[in-house]
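Asker: Using only what follows, build the 3D model:
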Amino acid sequence: MEEADALEALSTILTRLTENPYDLSLHAEHVRLARETGMQDQVESALEMVTAFWAAGDHIWQPLLEHKVKSESLESAAHLQEIMGMYERAEADYLSIPLLKQHIELLIDRYEHFSTSETKPDDLGELFTPEWTSAAIASVVTKGVGHLTQSQQLWNTWYDWELERLQAAQGLERETLVAQVEAMLLERIQQPHFNHEETFQAYSSFTTNYRPPGQYEELLVNASKLRSQAKKATEKREQFETSLANSGFSLEGYAYYIAAERRRGKPDLFILSNVYERAIAEGDKRRWAGETNAEQALQSFWAGYVDALRMQDVDADLQREMYQRALRSVPASGGVRAQYIRFLERTSASEAGTAPAIVDVYEETKTIAPLQADVEQLVPTILARAGYGKRQVEAGQMGENGLNDLVDILMDGISRVRNASPAGDPRLRIEKYFSAVCTRLAGLSEHALILWEDATKHYKTSYLAWTSYTDILIKQGLYVDARNVFRDVCAKNLDWSEALWEAWVSFEQLHGSVEEFEDCLDRIERAQFQVAARRAKDMERAEHAAAQLIAEQQANAMFVAAVAPAGAEPIAMEVDVSQPVASGSGTKRKAEDSAEQDESKKPRIDRENCTVFVADLPSDAKEDDLASLFKDCGAVREIKLTQLPNSLVATVEFMERDSIPAALTKDKKRIHGQEVAVHLAWQSTLYVTNFPEKADDAFIRNIFTKYGTIFDVRWPSKKFKATRRFCYIQYTSPASAQAALKLHGEELEPDLSMNVYISNPERKKERTDSDANDREIYVAGLSRFATKGDLETLFKTYGVVKEVRMALDDNGRPKGFAFVEFEQEQDAVAALSANNYELKKRRIAVTLADTRNRAKNRDPSRRTDARNRSIRVRKLPPNTQEGLLQQFLEKLAPVKRVEVFADRAEAEVEFENAADVGRLLLRSEPIVFDGVTLELVAETSGGLAGPRATPSPAVTGGLFVPRTAVSRPRAGLGSKKRVSTVSATGSQSAPNAQNTQPTQSSQGKGQNDFRKMLGGGG
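Answerer: Residues are numbered from 1 along each chain as shown. Next up, the predicted model:
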């Protein structure tokens, strides 16, 4: 990038940062642009800007500190104190052993320099005296002393320095240092750490050299007793540290470690807090590197950390410090901010100035754009602030305007939530809280009525808004109005009509006449038919769309070939054309022929060669910008933008392959003044195979991420063939993919060389496993005396046999069927002639393997056994990969098969053992996958493989439960089960009263003022 262009881009990014300083991706882009200019002052400015708004890791602080040390005079007390202050700030952000070690080395270097220098600057004062230096080093070591595996790097440096001082000391100073070093050693052996034996040996040597010989045995015995508890604690954590290291120090690994520590009867805060510190530091690194869900993991770690400190009743000053660190690290976390507000409220009795602090913490949320745009982060913050205000009002500490201030807070909160998202908050949490406050505090009942009336206008299809509205009407005795609302909305397209119908029936039973009750039932019956017809149409449209999507996915499944890694140019692709199947006149076609002909009729979409990848996009780029950029290249099928933590990328798929050459000319063109990179998507994609069987997504990412930013890792499903072991790694640039080819041939395990290739669709038929199902036959009816060798002997006459897999029972005996995979598809077809062949006095049946319909699935006993070993997993994140889900679940128990149903966000998981299923169903801890808490339910008898049937809505019952509903009774209209209406305050029968309009409250704001506020906020 030329200097003028770089400066222009920097100016643009600085303008955007001024408007939104809490967008970390903008900071990452700023740092990248500054480094591209090669101007050190610009780089330093960009890095300092990050530290001004965010907690920063050593990837930010180290270059800043290195430049500071090199550029400043280390002879001046002022400059040294400035550098020490920077170290303090860096160490307060995140735990970093390299930074702490660098700090200690600087302290020792300056101490040795000044102690040997003939002249010492007058302004140093106590700085770098032996006592000051010892205390400063001790303070630094304390920050990292809890790191079980790396703290010895800090402590050993400190100990060696103190030991050198002791060896050179004389007289009284020597006696003082002996006591000081002994105290260091005794304190250290009581701390859990992995080199306990070395520390104990150091104490033994120290005692030999500096204590009377007659005391040696007694001192060692006492020391051994002191270290026993710490040693046991360390040994208990060895398996977790090993597991963490094997996972590549993944965030999932840290979450597992933390969960194990918190499950202990009495958690060890020394260990737990340092595991949290390590997890948070790792989360920050991965967030900066662009890892998906790192931000959510960081928020979860911080929330758990401060909560653990609260439960351990840690000193309030330390808790406050942690909250302030947390808000620097995750400023957009509404959960952590709500916890901080509650903490400030708890400590308000003993500390002055707490109320202004709470207001400041809350008002700061209005300046943080990511929090302002996230309903799930806004709601807990608003409720925490409102809760504090309500309790102040109840305690009489808010003055005359306290009630009005509380109303303002809640109304402003409702407005902010609705502005954050067009959908608002489907659970109506703030509205429900406000309604409860209105009914609890005198003079606000009219406000609740106006609130729910407005809510029904904004959330027009929300059953919760309408039932809450009718509930408040009933509580105020406005029965005619409530009945009119029920009549108006009973046939509307609500997300849960049955809940409204149930509420209406309950209302008429309590407050209606016989005629009104029967009219209610008649209207509900008509509405049920209308709703059922509407849902049937919706379901038909959804099924049609799903069928189209499935057909397109099957037609466009990526089959890529392994090409030489030496950077060879891709050859022109010979597009595969389905050959017509000849059939004689009057001859019935075979099933296979029919299937092939049907398949040939499907439109073939050459997605791999019709898609370009666009990187280095400005963070505010939209689909329209890309459409405008590529408008003269050809018809575009789809544009998909993906926001990575540190960059924005996109894929652009064209209708025709001929559009690609023109699209590639857009490389280095500008969008919003910033150059973008355009390349064929497959050029930055790797095909990787032959890695260790236990390798998972974290393992692969850990190996390949050092070569560049990873856009996606795709794993094959193992539900049809458990032996599949390969994946596709897509980078954001072809250069990264080319650099990663260095891993080709690397042995991750003895005699296991990993294969890494550019994923080239031009030669997809050559890729191993691309047509494995077509090259495999299914052999049934085998004698129990038949062996693998018998099958190899028989079928090698038809072609080269790649693999024979015989099904065995738990005792190792053949089950009577097997699968034989050939090297060539035509050999598998030729082997069909072995059908009805007699092998070991049994006639065998040979067909092409259709792994989706195994014989065992038609065996009722086997189906029952499989069902007992299966779990239905619900609430899956969007675009869940079966391979990734299986990897995640295998950390909990051995998994046999996983099948994901994307349209229902569910999966069926078959485990190896039924005992594991029972254990998981009884598990109390949440299971979090990709930032989403999964729901596990026992598999029903409706079958394992296919979607479960959805019953049609009943005419007089059977509640339809929408996916977005929060609380859903299971009983339907007319059911014997008691159904509780879901509302903001609970349904209570109001006293029999006339239908009167609400009167204006004498307290607080009037209705007109309130309506104006609500109208402006809604």
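Asker: For this protein, give me the ranges with low pLDDT.
Answerer: Applying pLDDT under 70 to the chain flags the ranges 1-3, 349-354, 399, 442-443, 546, 548-606, 717-724, 762-773, 850-863, 940-1018.
Asker: which residues in the stretch 501-650 of the chain form helices?
Answerer: Listed from the start of the chain, the stretch 501-650 of the chain has helices (DSSP state H, counting those that start in this stretch) covering 514-555, 591-601, 623-629.
Asker: To clarify, my last question referred to the stretch 301-450 of the chain.
Answerer: Secondary structure of the stretch 301-450 of the chain by DSSP H, counting those that start in this stretch: the helices cover 316-329, 334-346, 354-364, 369-372, 375-394, 402-420, 429-440, 445-458.
Asker: could these be laid out in JSON lines, adding distance to residue 819 and mean neighbour count?
Answerer: Every C-beta, even on glycine, is put in place using the N, C-alpha and C of the backbone. Putting the helices of the stretch 301-450 of the chain into JSON lines (distance: least, CB to CB, whole Å; neighbours: other CB atoms under 10 Å) gives the following:
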{"stretch": "helix 316-329", "distance to residue 819": "52", "mean neighbour count": "18"}
{"stretch": "helix 334-346", "distance to residue 819": "50", "mean neighbour count": "22"}
{"stretch": "helix 354-364", "distance to residue 819": "63", "mean neighbour count": "16"}
{"stretch": "helix 369-372", "distance to residue 819": "51", "mean neighbour count": "17"}
{"stretch": "helix 375-394", "distance to residue 819": "47", "mean neighbour count": "20"}
{"stretch": "helix 402-420", "distance to residue 819": "54", "mean neighbour count": "19"}
{"stretch": "helix 429-440", "distance to residue 819": "54", "mean neighbour count": "21"}
{"stretch": "helix 445-458", "distance to residue 819": "58", "mean neighbour count": "21"}
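Asker: closest to residue 666 out of those?
Answerer: helix 369-372 (30.1 Å; CB to CB).
Asker: Return the alpha-carbon coordinates of the closest one using CSV.
Answerer: Presented in CSV, the C-alpha positions along helix 369-372 are these (Å, rounded to 0.1, in the frame of the first residue of the first chain):
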residue,chain,number,x,y,z
ALA,A,369,-22.4,0.5,20.8
PRO,A,370,-22.1,-3.3,20.9
LEU,A,371,-24.0,-3.4,24.1
GLN,A,372,-26.6,-1.0,22.8
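Asker: What's the first helix or strand after the host helix or strand of residue 160?
Answerer: Remark: residue 160 resides in helix 151-168, with elements defined by DSSP states H and E. Downstream of helix 151-168, the first helix or strand assigned by DSSP H and E is helix 171-189.
Asker: List the buried residues in that following helix.
Answerer: When neighbours are counted by 16 or more other CB atoms under 10 Å, the buried residues of helix 171-189 are found to be 177, 178, 181, 182, 184, 185, 188, 189.
Asker: circling back: now the angle from the helix holding residue 160 to helix 171-189?
Answerer: For helix 151-168 against helix 171-189, the angle between stretch directions is 160 degrees (axes from the mean of the first three to the mean of the last three CA atoms, to 10 degrees).
Asker: Relative to the whole chain's centre, how far out is helix 151-168?
Answerer: Taking CA atoms, centre = their mean, to the nearest Å, the mean C-alpha location of helix 151-168 is offset from the chain mean by 42 Å.
Asker: How about stretch 618-632?
Answerer: Using CA atoms, centre = their mean, we find the averaged C-alpha position of stretch 618-632 to lie 28 Å away from the chain's own average C-alpha position.
Asker: Quick check: end-to-end length of it?
Answerer: For stretch 618-632, the first-to-last residue distance is 21 Å (CA to CA, to the nearest Å).
Asker: does residue 909 really touch residue 889, like I thought?
Answerer: Yes: with contact defined as CB atoms under 8 Å, residue 909 and residue 889 form a contacting pair (6.0 Å).
Asker: Need the overlap of contacts for these two.
Answerer: Here residue 909 and residue 889 share the contacting residues 873, 895, 898, scored by CB atoms under 8 Å, 6 or more residues apart in numbering.
Asker: one step back: between residue 909 and residue 889, point out the one with more neighbours.
Answerer: Shown here are residue 909 and residue 889; by other CB atoms under 10 Å, residue 909 has more neighbours (26 against 23).
Asker: which outside residues touch the helix or strand harbouring the more buried one?
Answerer: Following DSSP H and E, the helix or strand that holds residue 909 is strand 906-911. The contact list for strand 906-911 (CB under 8 Å, 6+ apart) reads 866, 869-874, 876, 880, 882, 885-886, 889, 893-901, 917, 920, 939, 944-945.
Asker: cool, stretch 165-183 as well?
Answerer: The contact list for stretch 165-183, computed with CB under 8 Å, 6+ apart, reads 130, 134, 159, 162, 163, 206, 210, 211.
Asker: Over to stretch 72-85?
Answerer: Outside stretch 72-85, the residues that reach it (CB under 8 Å, 6+ apart) are 65, 68, 69, 106, 110, 113, 121, 123, 124, 125, 127, 136.
Asker: Next, the contact list for the closest residue to the last one other than its chain neighbours, please.
Answerer: Distances taken as CB to CB, 6 or more residues apart in numbering put residue 107 closest to residue 136, at 5.4 Å, once the chain neighbours are dropped. Taking CB under 8 Å, 6+ apart as the criterion, residue 107 is in contact with 128, 133, 136, 137, 140.
Asker: redo that, cut-off 10 Å
Answerer: Applying CB atoms under 10 Å, 6 or more residues apart in numbering, one finds that residue 107 lies in contact with 80, 84, 87, 128, 132-134, 136-137, 139-140, 157-158, 161.
Asker: re the thing from before, which one of the contacts of stretch 165-183 sits closest to residue 316?
Answerer: After measuring the contacts of stretch 165-183 against residue 316 - CB to CB - the closest member comes out as residue 134, at 29.6 Å.
Asker: show me the contacts for the closest residue to that closest one other than its chain neighbours.
Answerer: In this structure, residue 134 finds its nearest non-sequential neighbour in residue 162, 6.9 Å apart by CB to CB, 6+ apart. With contact taken as CB under 10 Å, 6+ apart, residue 162 is in contact with 130, 134, 137, 138, 177, 180, 181, 184, 185.
Asker: And the last one, how close does it get to residue 195?
Answerer: Distance from residue 185 to residue 195, counting by CB to CB, to the nearest Å: 13 Å.
Asker: hey, what's in contact with both of those two?
Answerer: Overlap between the contact sets of residue 185 and residue 195, as judged by CB under 10 Å, 6+ apart, is given by residue 202.
Asker: can you count the residues close to residue 545?
Answerer: Per other CB under 10 Å, the neighbour tally for residue 545 reads 11.
Asker: got the contact list for it?
Answerer: Remark: with contacts taken as CB under 10 Å, 6+ apart, residue 545 is in contact with residue 903.
Asker: rerun at 6 Å
Answerer: Counting by CB atoms under 6 Å, 6 or more residues apart in numbering, residue 545 makes contact with nothing.
Asker: distance of it from residue 423?
Answerer: 21 Å.
Asker: cool, residue 631 as well?
Answerer: Look at residue 631 and residue 423: by CB to CB, they are 32 Å apart.
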